[in-house]
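Undergrad: predicted structure and sequence below. I'll ask about it afterward.
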Amino acid sequence: MNDSERQQPVYLDHAASTPMYAEAVAAMTAQLTHLGNPSSLHASGRAARRVVEESRETIARALGCRPGEVVFTSGGTESDNLAVKGLFWARRDADPRRTRVLSTTVEHHAVLDPLHWLGAHEGAAVELLPVDRAGRLDTAALRRAVERDPSSVALVSVMWANNEVGTIQPLSEVVELAHAHAIPVHTDAVQAVGQVPVDFAASGVDALTVTAHKAGGPYGVGALVVRRDLELTAQLHGGGQERDIRSGTIDAPAIAAFATAVDISVEHQPEHAARVAALRDDLVRRVRAEVRDAVMNGDPDTGLDHRLPGNAHLTFPGCEGDSLLMLLDARGIEASTGSACSAGVPQPSHVLLAMGRDEQQARSSLRFSLGHTSTETDVDALVAAIAPVVARARAAGAAAGFGASKKAG
Amino acid sequence: MRVLAAMSGGVDSAVAAARAVEAGHDVTGIHLALSRNPQSYRSGARGCCTIEDSNDARRAADVLGIPFYVWDLSDRFHTEVVEDFVAEYAAGRTPNPCLRCNESIKFAAVLDRALALGFDAVATGHYARLAVAADGTTELHRAVDTGKDQSYVLGVLTQDQLRASMFPLGGSTKGDVRAEAARRGLRVAAKPDSHDICFISDGDTSGWLRQRLGERGGAGSGQVVEHGTGAVLGHHDGAYAFTVGQRKGLRIGTPAADGRPRYVLDIEPVSGTVTVGPREELAVDRIVGTRPRWCGAAPSRTVTGTVQLRAHGAEHRALVRHDPGGTVVIDLLDPAEGIAPGQAAVVYDGPRVVGSCTIASATSAPRT
């Protein structure tokens, strides 16, 4: 089947990106036709600025923060870079002893890579704390790391929910541990907003990353929610449009759509989570009925304080994840192997490796993530396809010697 | 048929995939990631498997409207092609890594996986033709464009492999293929051909080998000796920098008594001794080969045909005998020069490839 002849796909990759709400598309397209740079002082500029500020207020209301705490960015990666590097530099400038950064082994690359960069170029001592087999941070290890020398810690960054296996991190304990020594906490909440309750003020975190396209908004826009008294060193220098922390012409149409999406997704979060969690449970149960040795990864407790409602992450022993992906794709079913590098070469997931799986188990896994447009029909399609797909992938794995040795090819 | 098109990012494999689509097949494109640490950009005609190549392949697949994936075969490529290449040089032989890659990666690892995944064939951009004989055997033939013909590096394929292969470019010239790529809107139409060994990005094979083999093969102490007299003419840093038939870079202080150029005649890897001598000593008319691979059923014990002894090399008329033990003896009716052990001898019957073997030794029969 040629790509151009495909029917509407069975889309099970909402954690990668979820469809935009019609209301968000409408807000964006409406604003695209309006004139004015939000930083201009004339009437057109003021009109655009008003849209931006109303959007900021909407997002603040939805996420439990003050409007002044919302710093618009180009999305999750920029927000994470701004938080991690900006906090590191600001805190170290205030006290040169603060060179340690504490985080986890299961963070997204948008956090891990800036951390490694700080380690390689800025003398940061990066400590990635371990997780258990469910992917949940070992808070005792965090406590030991903090208490070893609290005055040397520049920041702690722990994601709200993991993008691959959906595990919710024990953030309140993290905040309590860090704040006992006045250490700021950043969290990447990209996967959490709209899926589980996210309240910035109640969580106690000092900086929080959010992106639009995971919540029914457009690509290329997001925000870092930053406590107002937190010092952050800017990364992008220029007009200083966003609190002097972030420069660049403000993208009013994208921000209008972002706010609309966050508003809708947060408002409907409780019933969305219940509906999608039920679908997910059904998916896991029925797939495992078809493929008896399939193993679910992540937290077995599927409560909303433990696991994202739409996440099903499964290992299919003897199958290469990219074979499964390709075979499902050929049947119009879209899933993810977790992470891909720029050349599109699948690497074994660092998250699963950190959870104690070996390279082969990590390569045998697939993530199905459900979202606001998912239906029982999607689950039916996957359940109907999975047994023959796994059988084929297993044959291909055997042909390639996959499963023959510890070291996967 | 369901066809898997291996797409390197070059013009040939892109047009091969396009032709498979046009022939009505259900085509899926794949790019093989063979390097563990791919470079971002290719430089000139060297190297491959850069991220840019992968993107070029993806864009060609987009234009053709076919699904596209990247398969990571870097570990297997490293073990079976790169390490083999180093070991062969360390043993004083001159391997052909493209042949080894075809034998163990493209038409083995990739083909096996493709068939298991439900594909019927693998299509590549090699210049070679397939023909079906009266008895149903699939035959491998030279390409129409003799300058581009790649049947030599496919001479290791067995009947099962050939049956599941497609070479859509065998009937075309390179010029036609480039023109067709431009006509189809493939942006790789004018991309330079790749040359040299893909995993040695700067083209400096002996420098690359020196990094891996270091002092082995007699660094500084390796001797360059004269054929016949055994006189030591010079020293070298590693026998792997030499290939039988090589003339340049011998680093010999004293010229030959007769003033004629000298060539590498033999490499003894353990002691690192490199023997040099006059050109006529390079002449070879008997080759003993191992690891025969026949394209179909094993031929009769004695075959009269031609052999090709290196990529893009000349054909030599030959009498080829093989025994069930796997030894192949090739008597050349037209002597060859500078035949390096480790290279493949590919046997042809007219344009048809009969099979191949790996050259173990090449000698000149005593003249009577």
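TA: Yes, it's here.
Undergrad: so where's the stretch 201-350 of chain B uncertain?
TA: B:215-220, B:253 (pLDDT under 70).
Undergrad: all helices for it, in order.
TA: Assigned by DSSP state H, counting those that start in this stretch, the stretch 201-350 of chain B shows helices spanning B:205-213.
Undergrad: of all of it, which residue lies closest to chain A?
TA: Per CB to the nearest CB, B:S201 is where the stretch 201-350 of chain B lies closest to chain A, at 15.4 Å. Placement of C-beta: from N, CA and C, glycine included.
Undergrad: enumerate the residues of the stretch 151-300 of chain A near chain B.
TA: Within the stretch 151-300 of chain A, not a single residue sits near chain B (CB under 8 Å from any CB of the partner chain).
Undergrad: tell me how far the residue in the stretch 151-300 of chain A that chain B sits nearest to lies from A:G166.
TA: In the stretch 151-300 of chain A, the residue that lies nearest chain B is A:V291 (17.2 Å; CB to the nearest CB). Distance of A:V291 to A:G166, given as CB to CB, to the nearest Å: 20 Å.
Undergrad: for B:I287, same thing?
TA: Taken as CB to CB, the span from B:I287 to A:G166 is 63 Å.
Undergrad: now do B:A131
TA: B:A131 is 55 Å from A:G166, by CB to CB.
Undergrad: so the two - more neighbours on which side?
TA: A:G166 (28 against 12; other CB atoms under 10 Å in any protein chain shown).
Undergrad: can I assume that one is in contact with A:N311?
TA: Yes: with contact defined as CB atoms under 8 Å, A:G166 counts as touching A:N311 (2.8 Å).
Undergrad: residues shared between the contacts of these two?
TA: A:A15, A:G298, A:S369 (CB atoms under 8 Å, 6 or more residues apart in numbering or on different chains).
Undergrad: just the buried residues out of the residues you listed, in PyMOL syntax.
TA: Filtering the shared contacts of A:G166 and A:N311 down to the buried ones (16 or more other CB atoms under 10 Å in any protein chain shown) takes a single PyMOL command:
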select buried, chain A and resi 15+298+369
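Undergrad: out of the shared contacts of A:G166 and A:N311, who's nearest A:L352?
TA: A:G298 (9.7 Å; CB to CB).
Undergrad: am I right that A:L224 is in a strand?
TA: Yes: under DSSP: H, G, I helix; E, B strand; the rest coil, A:L224 sits within a strand.
Undergrad: bridge partners for it, pull those for me.
TA: A:V71, A:T209 (DSSP bridges).
Undergrad: residues contacting it?
TA: Counting by CB under 8 Å, 6+ apart, A:L224 touches A:V71, A:T73, A:S79, A:L82, A:A83, A:A207, A:L208, A:T209, A:V210, A:I245, A:R246.
Undergrad: mind putting the residues you listed in TSV, pLDDT and neighbour count included?
TA: Shown next, in TSV, are the contacts of A:L224 (pLDDT from 0 to 100; neighbours: other CB atoms under 10 Å in any protein chain shown):
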residue	pLDDT	neighbour count
A:V71	98	24
A:T73	98	26
A:S79	98	29
A:L82	98	26
A:A83	98	32
A:A207	98	27
A:L208	98	31
A:T209	98	32
A:V210	98	31
A:I245	93	20
A:R246	95	27
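Undergrad: and the strands in chain A?
TA: Along chain A, the segments classed as strands by DSSP state E run A:10-11, A:70-73, A:100-104, A:125-129, A:153-157, A:185-188, A:207-211, A:222-226, A:295-297, A:311-315, A:333-334, A:365-369.
Undergrad: burial count for residue 280?
TA: Because you didn't say which chain, this covers chain A. A:R280 has 23 neighbouring residues, counting by other CB under 10 Å.
Undergrad: the intended chain is chain B.
TA: Counted with other CB under 10 Å, B:E280 comes out at 11.
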